[in-house]
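# sequence first, then the predicted structure, then my questions.
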Amino acid sequence: MTDRRTFLKETIPLSLAALTPLSGIGQILNTKQETKRDKMNRPKVIFFDINETLLNLEPLKNSVVNKLGGSKELGNLWFTMMLQYSLVTTVGDQYFDFGKIGSATLMMVARNNNINISEEEAKATVKPILSLHPHPEVKQGLSILKQAGYRLVSFSNSSNNAVKQQLDFAGITPFFDSIISVEDYGKYKPHIEVYHWAARKMNVDNSDCMLIATHGWDVAGAKWAGWQTAFLARPGQQLFPLAISPDMNESNLLKISKKLV
């Protein structure tokens, strides 16, 4: 008797499952997917990296490459070295204007390749960073988010003065509720303290912040700080394989904006 009861307990649920309509199974799966999506909260503040993420860096890259004898490889090396020494100063508990670091590292790359560049020439070479145009879809993407009620914040390694000139020239200043520069904290992204500071400055928890950026190191830093992240996969940019995966990964800002609304 006991064996029969055990058999019925084990087989009846299986029989009922076999009779469950496929539409019912679909509803169960959809519910699980919705629960998973719900784990990503609507961010209260969306922070944007500026250079390359929103603004097209080609004029700056061309200026640097031309000064380095037409070598794109040296141009890429300069950009990497500029990021490297911004982190060197952060680790060394120092702070220098991002533009000054750009000029200094340009001179370093030039000297290593027997190219003579004076300090004034270096400053003039990196000056195009102040007059960059936005990528084609940026204004529409920002407009969609603004109309949806999101608080938008510019969050850059550039100085306060530089980023103001950049946003004004690009014609996108009105989209932002606040403009934040790491200059006010004295450390560069992706130091974890910088993200926590930015969240406090906007009076929100880290979990209510989202960073949209095209640099893998920036997205990694924000994610490690407890932020939500959206990787904007511009050509030539890659995620850091050892970092936590971003919440979104799209090829342009318009796609990210439509997902967020």
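Done, it's in. Residues are numbered from 1 along each chain as shown.
# need the pLDDT of Thr6.
With respect to pLDDT, Thr6 has a value of 45.
# domain assignment for the chain?
The chain is divided into the following domains under automatic domain parsing: 45-56+132-260, 58-129.
# and the helices in this protein, which stretches?
Listed in chain order, the helices of the chain (DSSP state H) span 2-19, 22-38, 58-67, 72-91, 98-112, 119-126, 138-147, 160-170, 192-201, 216-224, 253-260.
# determine which stretch of these is the most buried.
helix 216-224 (a mean of 22; mean count of other C-beta atoms under 10 Å). All C-beta atoms are positioned from the backbone trio N, CA, C, and that covers glycine.
# so what does it touch, helix or strand wise?
With contacts defined as 3 or more C-beta pairs under 8 Å, 6 or more residues apart in numbering; DSSP states H and E, the packing partners of helix 216-224 are helix 192-201, strand 209-213, strand 228-232.
# elements contacting the last one?
Put plainly, it is strand 228-232. Short answer (3+ C-beta pairs under 8 Å, 6+ apart): strand 228-232 packs on strand 209-213, helix 216-224, strand 248-250, helix 253-260.
# nearest to Asn76, of the ones you listed?
helix 216-224 (15.0 Å; C-beta to C-beta).
# report the angle between the closest one and strand 209-213.
Going by axes from the mean of the first three to the mean of the last three C-alpha atoms, to 10 degrees, helix 216-224 is angled at 170 degrees with respect to strand 209-213.
# rewinding a little: now the helices and strands packed on helix 216-224 as CSV including mean pLDDT and distance to Leu239?
Putting these into CSV (pLDDT from 0 to 100; distance: least, C-beta to C-beta, whole Å) gives the following:
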stretch, mean pLDDT, distance to Leu239
helix 192-201, 98, 17
strand 209-213, 98, 11
strand 228-232, 98, 6
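# output these as JSON lines; include the columns distance to Val109.
Conversion of the helices and strands packed on helix 216-224 to JSON lines gives the following (distance: least, C-beta to C-beta, whole Å):
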{"stretch": "helix 192-201", "distance to Val109": "26"}
{"stretch": "strand 209-213", "distance to Val109": "25"}
{"stretch": "strand 228-232", "distance to Val109": "27"}
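# how about low-confidence regions in the chain?
Counting by pLDDT under 70, the chain contains low-confidence ranges at 1-39.
# list of residues touching stretch 64-73?
74-75, 78-79, 106, 109-110, 113, 115, 117, 121, 125-126 (C-beta atoms under 8 Å, 6 or more residues apart in numbering).
# switch the cut-off to 7 Å
Under the contact criterion C-beta atoms under 7 Å, 6 or more residues apart in numbering, stretch 64-73 has outside partners Leu74, Gly75, Trp78, Leu106, Val109, Ala110, Ile115, Ile117, Thr125.
# residue contacts, the third one?
Pointing back at Trp78 there. Contacts of Trp78 (C-beta under 7 Å, 6+ apart): Val64, Thr105, Leu106, Val109.
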